[in-house]
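*Asks:* Please find the sequence and the predicted model below.
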Number of protein chains: 4
Amino acid sequence: MTERFTPTPEDKFSFGLWTVGWQGRDPFGDATRAALDPVESVQRLAELGAYGVTFHDDDLIPFGSSDTERESHIKRFRQALDATGLVVPMATTNLFTHPVFKDGAFTANDRDIRRYALRKTLRNIDLAVELGAHTYVAWGGREGAESGAAKDVRVALDRMKEAFDLLGQYVTEQGYDLRFAVEPKPNEPRGDILLPTVGHALAFIERLERPELVGVNPETGHEQMAGLNFTHGIAQALWAGKLFHIDLNGQSGIKYDQDLRFGSGNLRDAFWLVDLLESAGYTGPRHFDFKPPRTEDMAGVWASAAGNMRNYLILKARSAAFRADPEVREALRAARLHDLARPTAEDGLAGLLADRTAFEDFDAEEAGERGMAFEHLDQLALDHLLGAR
Amino acid sequence: MTERFTPTPEDKFSFGLWTVGWQGRDPFGDATRAALDPVESVQRLAELGAYGVTFHDDDLIPFGSSDTERESHIKRFRQALDATGLVVPMATTNLFTHPVFKDGAFTANDRDIRRYALRKTLRNIDLAVELGAHTYVAWGGREGAESGAAKDVRVALDRMKEAFDLLGQYVTEQGYDLRFAVEPKPNEPRGDILLPTVGHALAFIERLERPELVGVNPETGHEQMAGLNFTHGIAQALWAGKLFHIDLNGQSGIKYDQDLRFGSGNLRDAFWLVDLLESAGYTGPRHFDFKPPRTEDMAGVWASAAGNMRNYLILKARSAAFRADPEVREALRAARLHDLARPTAEDGLAGLLADRTAFEDFDAEEAGERGMAFEHLDQLALDHLLGAR
Amino acid sequence: MTERFTPTPEDKFSFGLWTVGWQGRDPFGDATRAALDPVESVQRLAELGAYGVTFHDDDLIPFGSSDTERESHIKRFRQALDATGLVVPMATTNLFTHPVFKDGAFTANDRDIRRYALRKTLRNIDLAVELGAHTYVAWGGREGAESGAAKDVRVALDRMKEAFDLLGQYVTEQGYDLRFAVEPKPNEPRGDILLPTVGHALAFIERLERPELVGVNPETGHEQMAGLNFTHGIAQALWAGKLFHIDLNGQSGIKYDQDLRFGSGNLRDAFWLVDLLESAGYTGPRHFDFKPPRTEDMAGVWASAAGNMRNYLILKARSAAFRADPEVREALRAARLHDLARPTAEDGLAGLLADRTAFEDFDAEEAGERGMAFEHLDQLALDHLLGAR
Amino acid sequence: MTERFTPTPEDKFSFGLWTVGWQGRDPFGDATRAALDPVESVQRLAELGAYGVTFHDDDLIPFGSSDTERESHIKRFRQALDATGLVVPMATTNLFTHPVFKDGAFTANDRDIRRYALRKTLRNIDLAVELGAHTYVAWGGREGAESGAAKDVRVALDRMKEAFDLLGQYVTEQGYDLRFAVEPKPNEPRGDILLPTVGHALAFIERLERPELVGVNPETGHEQMAGLNFTHGIAQALWAGKLFHIDLNGQSGIKYDQDLRFGSGNLRDAFWLVDLLESAGYTGPRHFDFKPPRTEDMAGVWASAAGNMRNYLILKARSAAFRADPEVREALRAARLHDLARPTAEDGLAGLLADRTAFEDFDAEEAGERGMAFEHLDQLALDHLLGAR
């Protein structure tokens, strides 16, 4: 049984260098683990069955490195990729760790910090493309405020739009085959972050000069920090044609950002998410953006990394069995999912208005008594999730 | 001092019939107040200084009324409007109280319920226009699910789009001067509601056939039920040109929907909201969608209703004093709000890339040490809010 | 496999009459189901494999019934119990539905309402004892406030203590073998409820005249509405010897009170809860306080009721397999659970102070590097939960 | 007006060294401010009008200092205290920053870490007493878990009790005039922390060998991270005679621990809290446990520190005016607060049972119609808070 849940590159699992490389520094504690060489991360992730690795510029090339050091870091990394066959499907910019970004990057009140942030991003876009990435993630974790007058949000959104328009112009002019994925988050490290949810990010994108170049990179825990149903958010992103990338992890409800391994936290939602991604034919990487708890040593880090993939595969098998179960199909029919798929008015507005059965002769009392049979359906889902059928 | 805070119709305060008319039924208790005649509501609200009144179809015309009864209810209401000068700036449909809507209206799995919901809405749109409304609110409180398989969200969004496209077609064909305002809510009465936040609604609207006809009607408490900064959400709606209406009330954090009077709950955010609406030149109604607590008798209901308006006016005065204070202007400058208003790259992408001061010669350490002076600014705001300057 | 998860009375599953009998009235909607005869509930629950049924006075005897009607209701109910073998392990008082309790019962500002609430409770205690109950639950859902001056909390706690002291005196004087179980809840239907969590209730009990008569009745969703770990709360109640009863259901995070069937919502916590109850040797009823969603007809109600028990039994089997797995035992040892069970200082204070290895010669750096191996352990738990081992 | 809100030592305001000394390291960013010399903190806090300063052992004496260095740090600190007149009313232990505490201190699974933690605490208790402290705070921020099997909570509570019993024995044997104050927190930095709320801590204390030596040190933001009403929690702590110390700050709802300056976040609750502390005659320090946002330079740090005190004094003035207002007194009477203060049954159980007006002749319908007049009362409070009366 265990064999079934062993990952291979075909599963398209990817990890950020910053995930397994997290040293365990938190707001109340110092690092509990030594720094991890990106080359070692690449090797170990390949051994575990991953297919890809992703990075922030500063993960690979420490902030402040000279050009020579930079080249050396890139060279070693590239060699490790070549040796293992791991790809780099995505890269991103660190616009949050250095004090210079304490009030934001693209929307910092300081104009010269905004310019610096754009240049830092543009530089890493070149590297991302060089390394073969087709997606560039933008998490604006410092774009926000703790107090009301500190940020004029409408003006800040103008600056945010300006930034993405410039980035879009750049990749277009360069002829890069690269798309952007905005990663929303409601709060932490700022009191309130701009574009706090998948919805806000999707709406923002529509006001850009090149909306077709920009989608979203939703993260499980970020949406759940707002108490939102992650799977519903992903469904809306898919519906809008905007799920360009995804960050999978675990979160135990509305609290600080936990970045637990995938399968931790809201397990039922993890099941529905995998069910959605698999049935929607999502072909992008299954990217884990998690932090191995700081209680773990390096053995624990790799155990935790492996757990993400294993849990995805278990849930994928559970979803497949659920969808294939004849009793489930019958239950879906009883719950009238097929009826939802039918247009409400294929007869058009005029037809609807002329149809007396739709209103004048409609028996609301009778229709109100029809049971939806959702509890039976959900119990079947739970049985499958628990491996109890 | 009290005189300053007495509302007049020029303040554009409006109330739903269902607010002062709420009888106090909650999930654990029966009504504590008798039904209120809409005519009495109109009279009392006019006396208190309101300018407008809004309604769900069933607030005015009890569900199941005959056509004759319907006409009689409308006539009495219209007479009360004429007598008091109150206007009807907005109306909406009750698509949630009757059992027939237990699984939703525009996205109910049952197609005939969806058709009925559309017809019920179209019928009330005619009345809304007759009574002079220019905004039609759509709160899809029952559009959602408690369990994962019960609703295919992508398909449900297709149905939601179909519904709004049909409604848009109708008002266009009728030549109505009426726009729609979608009211988002994350949950309650459904476990998860579709279009859970202002952001999700804004994004959805962009996929409609007539996006120009549809905006949002954000409600204070609804965004705060997701832990979001309401003022930030309103700012993004304004930025997108989509703040078609607003529902003001109070909410004490992430919990059940409280609908407290405006000024209750998050008082600081209420201040920033009024500051934003007033400085952005929002000209729509200040609509209160609150519920006088069920501990109150009718005297308490009217005291509660009056409090909403009084609090808005106090906060408006506080905001005006804050913005006029020379020390505040200096503090805003110290916090570099003027610098945020300047484009990041009026020199264009080429200029930015050529500017060595933007990256190669940029001193990130020095820039990282610059203080933002936000705490001083926020203390000035708090001083003004508390009337302590 | 299904056979294993079929409940019998030995499993000690009980249900409130108000659970399967819930008609689906919510803050935004009318009843979707007809009233259910308590006798039918008893019969159906017995058929499903339950062992007990519980009630509020008004569930069994509608508010305002005459003495004759009362006797008739009780008689029919008793006959149904006799016919089915179902027992009544617990009863409670409805101190929240009628408008008279809108500001509370034992802590209502109105003294005559407090007296009435006590008399209503005392009357139902007699009936509870007559019907064989040994636990009397007290949920003070209306004891609280929406605004700051409306309730002097210290004074209200005096009144709450007075009420429980009187109740304790009564059962002592009557010689009843009955204990009380306080049910905490943070909010809803009041903005803030007194004794909001298991902790607050446990602390309150210690100030009573007869603390030995009073314990807690924690409800899954209520603790989760405060974002708390339910299993941790139950562990503290067990540690204090105060878990007199328990209400099991499901809740999807911090939001309105959902009362989903057990197994819904936080599935991982449900697993750990069953694991705790079973390993702690809890012998009381496994009482389900859930509400079948209002989307369901009566078939759905019974499916939902059955699901609670089935899920408990599946989780019980998963927990047993987890605890019996040799690899788990090894993992627990690696995580040093056995070391936690050893006293910190069996050598006493003097021994600890004299032990140089405990401080002066302690190598904090080395100790800080020890991995806790929690991720491996948790993955084993998840494997068991998912039936994947 | 400003003069009224200038603090003096009589106001008993105190600050932790770690508050103004916070360098701005957060989970996503490096320090934005240089380390601050404790001596400078003492001087500046004295200039601002504070009366006391508090510390963790490692704030004053960097972890790993030699005995000589330790003495030197203490000497300089003591000189600064003498020079400024600042007192040390409270001290505490850092049992969370060093990696050795990654799985807890008093309840770490590792026994030798538990022993080390106790010794580290005992050592700093000696220093605390030397410096004149009468309160010793214990925040067990690392006592908890991220996953279910990692901590046996009942066993961990045994270890927690063992630790406090040993500490109590120590101060008793030493003849110290020192009491302990347990500081609860629901989560962060652990997924779930033991003793998550004021209630859980109060309950735990009752099981100790010397409960009289132990009370609570509630922190505003910590209770609000669980969505709880902080003022209600403080009221229960006062009611139990257990408010030994208090940590004041600001928090914007359920999210990561923000530690904003007092007056930020939930302003209405801050008002009710000050109103409670002042009317209850609380005589302990008003201790600010806040973090000046990392956007601030040192000027901003001191502005932020000053704001805490100013806001307390403004709210104190507002509360005094509220309580002195004759219309408020009348409104309190209309809301029947005086009736809540009257015992429910001064006639005893027998009297209550014999009183037919309490039940048989009680008119529940009439009593249910009585309005509580809470909205008028709350509007008066808001008027006072906003300085609008």
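*Replies:* All right, it came through fine.
*Asks:* So what does the closest residue to A:Thr283 other than its chain neighbours have for phi and psi?
*Replies:* Counting by Cβ to Cβ, 6 or more residues apart in numbering or on different chains, A:Thr283 lies nearest to A:Lys12, which is 7.9 Å off, once chain neighbours are set aside. For the C-beta atoms, the positions are set from N, CA and C on the backbone; glycine is no exception. Main-chain torsions, A:Lys12, degrees, to the nearest 10: phi 60, psi 50.
*Asks:* and A:Leu208, what does it touch?
*Replies:* The neighbours of A:Leu208, taking Cβ atoms under 8 Å, 6 or more residues apart in numbering or on different chains as the test, are A:Lys161, A:Phe164, A:Asp165, A:Gly168, A:Val214.
*Asks:* show me where the stretch 101-250 of chain A has strands.
*Replies:* Read by DSSP state E, counting those that start in this stretch, the stretch 101-250 of chain A holds these strands, from start to end of the chain: A:135-139, A:144-145, A:179-183, A:192-193, A:214-216, A:247-248.
*Asks:* can you tell me the residue of the stretch 151-300 of chain A closest to chain C?
*Replies:* Closest to chain C within the stretch 151-300 of chain A is A:Asp297: 2.8 Å, counting by Cβ to the nearest Cβ.
*Asks:* Tell me how many other residues surround the nearest residue to that residue once chain neighbours are set aside.
*Replies:* In space, not counting the residues next to it along the chain, A:Asp297 is nearest to C:Gly371; the distance is 2.8 Å by Cβ to Cβ, 6+ apart. Other residues within reach of C:Gly371 by the criterion other Cβ atoms under 10 Å in any protein chain shown amount to 21.
*Asks:* C:Gly371 against A:Arg294, yeah?
*Replies:* No - contact status for C:Gly371 versus A:Arg294: not in contact, 10.3 Å apart, counting by Cβ atoms under 8 Å.
*Asks:* shared neighbours of the two, which are they?
*Replies:* Both C:Gly371 and A:Arg294 lack any common contact, where contact means Cβ under 8 Å, 6+ apart.
*Asks:* I'd say the residue of the stretch 151-300 of chain A closest to chain C and C:Glu369 touch.
*Replies:* Yes - proximity of A:Asp297 to C:Glu369 meets the contact threshold set by Cβ under 8 Å, at 6.7 Å.
*Asks:* if we can go back for a sec, find me the pLDDT at the residue nearest to A:Asp297, would you?
*Replies:* Listed pLDDT for C:Gly371 reads 98.
*Asks:* likewise A:Thr2?
*Replies:* At A:Thr2, the pLDDT value in this model is 52.
*Asks:* Count the neighbours of the residue in chain A positioned nearest to chain C for me.
*Replies:* Of all residues in chain A, A:Gly387 sits closest to chain C, at 2.2 Å by Cβ to the nearest Cβ. The number of residues packed near A:Gly387 is 21, by other Cβ under 10 Å.
*Asks:* Assign a three-state SS to it, would you?
*Replies:* When the structure is split into helix, strand and coil by DSSP: H, G, I helix; E, B strand; the rest coil, A:Gly387 lands in coil.
*Asks:* List the contacts of it.
*Replies:* Taking Cβ under 8 Å, 6+ apart as the criterion, A:Gly387 is in contact with A:Arg318, C:Leu386, C:Gly387, C:Ala388.
*Asks:* Tell me how far the nearest residue to A:Ser252 once chain neighbours are set aside lies from A:Gln224.
*Replies:* Counting by Cβ to Cβ, 6+ apart, A:Ser252 lies nearest to A:Gly265, which is 4.7 Å off, once chain neighbours are set aside. Going from A:Gly265 to A:Gln224 by Cβ to Cβ, to the nearest Å gives 7 Å.
*Asks:* Equivalent analysis for A:Asp289, please.
*Replies:* Counting by Cβ to Cβ, the separation of A:Asp289 from A:Gln224 is 13 Å.
*Asks:* same deal with A:Asp355?
*Replies:* 42 Å.
*Asks:* more neighbours, those two?
*Replies:* The residue with more neighbours, out of A:Asp355 and A:Gln224 and counting by other Cβ under 10 Å, is A:Gln224; that gives 26 against 17.
*Asks:* Now do the SS call for the closest residue to A:Phe5 other than its chain neighbours.
*Replies:* Spatially, and ignoring its direct neighbours in sequence, A:Phe5 is nearest to A:Leu313 (4.3 Å; Cβ to Cβ, 6+ apart). For A:Leu313, the assignment made with three-state DSSP gives helix.
*Asks:* A:Leu313 - how many residues pack around it?
*Replies:* The burial count assigned to A:Leu313 is 21, neighbours taken as other Cβ under 10 Å.
*Asks:* Surely it and A:Glu3 touch.
*Replies:* No - using Cβ under 8 Å, A:Leu313 is not in contact with A:Glu3; the gap is 10.5 Å.
*Asks:* Counting neighbours, which of the contacts of A:Leu208 comes out on top?
*Replies:* A:Val214 (25 neighbours).
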